[in-house]
Each structure stands twice: as structure tokens, then as C-alpha cells.
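1. sequence first, predicted coordinates after that:
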Amino acid sequence: MEIIIISIVAFLVSILTFFSGFGLGTILTPVLMIFFPVEIAIALTGLVHFFNNVFKLFLVGKNADKGVLLRFGIPAVIAAMAGAWLLLHIPDVKPLFVYEAFDRTFEVYPVKFIISILLIIFASMDLIPYFKNLQFGKDKLPLGGALSGFFGGLSGNQGALRTAFLIKAGLSKEAFIGTAVVVSTFVDFTRLSVYATRITTSGLGENLTLVICATLSAIAGAYLGNILLKKMTLQFLQAIVAIMLITISIALGAGLI
């Protein structure tokens, strides 16, 4: 039963991540934690995320804007390494606050709370008429890359910040998606390389069928997302991204993910 549920989630989330740039693991990991211990959930998500990213790289990577890729991607990779290193060398961080709801206890950590506030600010800019035509200059791309890469390495939540900057970089919808996918792949490779010595792989062999099914479902979602992309205008895409940013921000700030 868990294979069916996780595969459906992977399919639907993959479609959404194709447009928004959110990491698949942001939503898939909490779902896997319902069925598996934390370390196994992280390892399983890592495999699904990796293969899905590689597929998307071949699918739309050619559309990436090389200039933006250099200005945004290089700082992102360097900062991701720093963030991942910091994560492994800081002591356990205590929750900012804890609360109970629906018979469950939720913990909100400082890093995710800060990210949620930043994302709500960025997302609101796409919904307020005054900011709709605002674009970040090319000189702001290194800052955006560094921020998204650092928080990606530190908490795994890099996609939304990356999207918040790239969606305002004056790119076409194809270049936006392609650039986001290429940056995501390199940042993931960087941070996972740093995490490697701490990642527990026990339980992967016993759940190989689940990994294959979830990966194929995510790939199918990415393929469908690529088809749907051709039918959308950039303005509609920006609205979708803004709504997703705010939704994911509230979930992060509330400790739901």
C-alpha cells in the first residue's frame, strides 16, 4: 500500500516541482517518514530525487541560459558546500518553538522559519501589481545563487529561494525551467557529496521496488510537466510559482515540512 501512495505523491509532486523549482524531497521526505525511520526516508528520497533530476537535466537542460547559469550557479555550488559543511559541524539546533495541533507535536526550527519569511516576501512580489514587472538585475544573480545554495546545503530547502530569484531574471519560461534544473542538479550533487559520510544507506536493498516505482512515477510527472509547460504563458507560470511559494513557506514556517 505504501508503494502506491508514495508513487502517487512522487508523480504529483514531480509535476509541481517541474514548474516551481521546489525540491522533490521537500514534500516527499515527510511522506516517506510516515512509513519509514528518518534515516531510511532520507536515503530513499535522495535516490528518487537524484534520478528524477538527471532525467529532467536531459529533458530541459539544453534550454538553460549560460550567462545566468554562470552568475547564479557557481555561487550556488560554492555556498552549498559551505552550508552542507556547517550543517555537519554545528551542534544539534533546538527548535525555535514547539506547538501541538491535531493530536500531533510540531517543531519549528530557526533555519526553516527564516527561509519561510524570505519566501513569503519574494512570493508576495509576484501577487502585488506594483512588483509584477520588477526584475532583479544581473548583478543580483550571484547573491541569489549564494543564498539559495547556502540554505540548500544547510537545510535542503534550496528550490524555492532559487525560483524566487530566477523567475525575476528576465528569462523565458523554457530558459527559467532549464536553468533551474541545471543549478539544482549541481547543487544537489555538491551537498550530497558533503553529506555522503553521514548518510545511512541501511534499508535501501529491502526497498528497491519502492525506489524504482517512485522514481518512475517522478519521471512520468516530469515528462507530463514538460508537455504542460508548452501550453502555459510566463505570466500564468509566475502566478503558479507565487502561490506555491507562499504555500510551501507557510508549511515550512509552521513546522509541517
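-> Yep, it's here. Numbers count the residues shown, from 1 in each chain.
2. residue 162 touches residue 141, doesn't it?
-> No. Using Cβ atoms under 8 Å, residue 162 is not in contact with residue 141; the gap is 10.7 Å. All C-beta atoms are positioned from the backbone trio N, CA, C, and that covers glycine.
3. between the two, tell me which one has more neighbours.
-> Neighbour totals were compared for residue 162 and residue 141, and residue 162 leads with 28 against 22 (other Cβ atoms under 10 Å).
4. what about the helices in the stretch 51-200 of the chain?
-> Using DSSP state H, counting those that start in this stretch, the helices of the stretch 51-200 of the chain run over residues 66-68, 74-89, 110-127, 141-155, 159-166, 173-195.
5. quick one, which of those helices gets closest to residue 251.
-> For these, distance to residue 251 was read as Cβ to Cβ. The smallest value, 8.0 Å, belongs to helix 110-127.
6. could you check how many residues crowd around the nearest residue to residue 50 once chain neighbours are set aside?
-> Using Cβ to Cβ, 6 or more residues apart in numbering and skipping residues adjacent in sequence, the residue nearest residue 50 is residue 188, 6.9 Å away. Per other Cβ under 10 Å, the neighbour tally for residue 188 reads 23.
7. and what of residue 89?
-> The burial count for residue 89: 7, using other Cβ under 10 Å.
8. distance of it relative to residue 12?
-> Distance of residue 89 to residue 12, computed by Cβ to Cβ, to the nearest Å: 36 Å.
9. do the same with residue 187
-> Residue 187 sits 23 Å away from residue 12, going by Cβ to Cβ.
10. which one's more surrounded, these two?
-> More neighbours surround residue 187 than the other of residue 187 and residue 12, with 29 against 14 (other Cβ under 10 Å).
11. what about the closest residue to the more buried one other than its chain neighbours, distance to residue 35?
-> Once flanking residues are discounted, residue 187 sits nearest to residue 80: 4.6 Å by Cβ to Cβ, 6+ apart. Distance of residue 80 to residue 35, computed by Cβ to Cβ: 29 Å.
12. my guess is residue 98 meets residue 105, correct?
-> Yes. Between residue 98 and residue 105 there is a contact under Cβ under 8 Å: 6.3 Å.
13. can you count the residues close to the nearest residue to residue 7 once chain neighbours are set aside?
-> Spatial nearest neighbour of residue 7, chain neighbours left out: residue 217 (4.1 Å); criterion: Cβ to Cβ, 6+ apart. Residue 217: 23 surrounding residues under other Cβ under 10 Å.
14. against residue 57, how distant is residue 217?
-> Taken as Cβ to Cβ, the span from residue 217 to residue 57 is 18 Å.
15. which residues are in contact with the closest residue to residue 186 other than its chain neighbours?
-> Ranked by Cβ to Cβ, 6+ apart and with sequence neighbours excluded, the top spatial neighbour of residue 186 is residue 77, at 5.3 Å. Counting by Cβ atoms under 8 Å, 6 or more residues apart in numbering, residue 77 touches 149, 186-187, 190.
16. quick one on the thing from earlier: which of residue 80 and residue 35 has more neighbours?
-> residue 80 (30 against 16).
17. give the contact list for the residue nearest to residue 50.
-> Applying Cβ under 8 Å, 6+ apart, the residues contacting residue 188 are 23, 49-50, 53, 152.
18. just checking, residue 219 touches residue 53?
-> No. Counting by Cβ under 8 Å, residue 219 stays clear of residue 53, with 10.3 Å between them.
19. okay, these two: which has more neighbours?
-> More crowded of residue 219 and residue 53, by other Cβ under 10 Å: residue 53, with 23 against 20.
20. looking at it, that one is touching residue 182, isn't it?
-> No. Assessed by Cβ under 8 Å, residue 53 is found out of contact with residue 182, at 9.7 Å.
21. ok, so what distance separates residue 150 from residue 104?
-> From residue 150 to residue 104 the distance is 30 Å (Cβ to Cβ).
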